[in-house]
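Engineer: coords please:
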Amino acid sequence: MTVGLGEIGLDWTEPESSWDKQEEVFRRLLQYACVGRVLVLHLRSKNSHDSTIYHKGLEMVKEYCAVRQPIHHHCFGGNSQVVSAWSSALPNCYFGFTANVSSLGPEKLSAVWNFCV
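Structural biologist: Have a look, this model is predicted:
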């Protein structure tokens, strides 16, 4: 039995020449998302202070998925503004943090603390 779709998304640590193809494949895969199965996302950027990839990913997911789509952000590295944007648009959105939490700066840690309080 299939319980999820993923890990799919955009990885901008790869050469920029691959980004258009990544978007194309991501869009195709998003068409298979359904509310009965969790969507596991991988969104990563070269610059950890740039949230552009999260905003682009959100727009793409909103285009293809229902508001109640369960979503898990694998190895999330965004800030509290990104958490707020995703959580407001898609309330069944969850964020996974790895052991790198111990090395996050204050801006990233604020995103983690939003879940703990």
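
Engineer: May I see the buried residues of stretch 1-9?
Structural biologist: 5, 6, 8, 9 (16 or more other C-beta atoms under 10 Å). The C-beta positions use only the backbone N, C-alpha and C, and glycine is treated the same way.

Engineer: cool, stretch 55-71 as well?
Structural biologist: Those would be 55, 56, 57, 58, 60, 61, 64, 65, 69, 70, 71, for stretch 55-71 by 16+ other C-beta under 10 Å.

Engineer: What mean pLDDT does it get?
Structural biologist: Across stretch 55-71, the average pLDDT comes to 97.

Engineer: Please report phi then psi for residue 41.
Structural biologist: Residue 41 has phi and psi values of phi -110, psi 140 when expressed as degrees, to the nearest 10.

Engineer: how many neighbours does residue 73 have?
Structural biologist: 23 (other C-beta atoms under 10 Å).

Engineer: Could you give the bridge partners of it?
Structural biologist: residue 41, residue 95 (DSSP bridges).

Engineer: Let me see the contact set for it.
Structural biologist: Residue 73 makes contact with 41, 43, 86, 93, 94, 95, 96, according to C-beta atoms under 8 Å, 6 or more residues apart in numbering.

Engineer: Show the buried residues in these.
Structural biologist: 41, 43, 86, 93, 95.

Engineer: Lowest-confidence one in those?
Structural biologist: At the low end of pLDDT for those is residue 95, which has 90.

Engineer: Residue 77 is in contact with that one, correct?
Structural biologist: No: in this structure, residue 95 is not within contact of residue 77 by C-beta atoms under 8 Å, at 9.6 Å.

Engineer: the helices in the chain, which residues?
Structural biologist: 19-30, 52-64, 80-89, 106-116 (DSSP state H).

Engineer: What angle do helix 19-30 and the second one make with each other?
Structural biologist: Between the direction of helix 52-64 and that of helix 19-30, the angle (axes from the mean of the first three to the mean of the last three C-alpha atoms, to 10 degrees) works out to 40 degrees.
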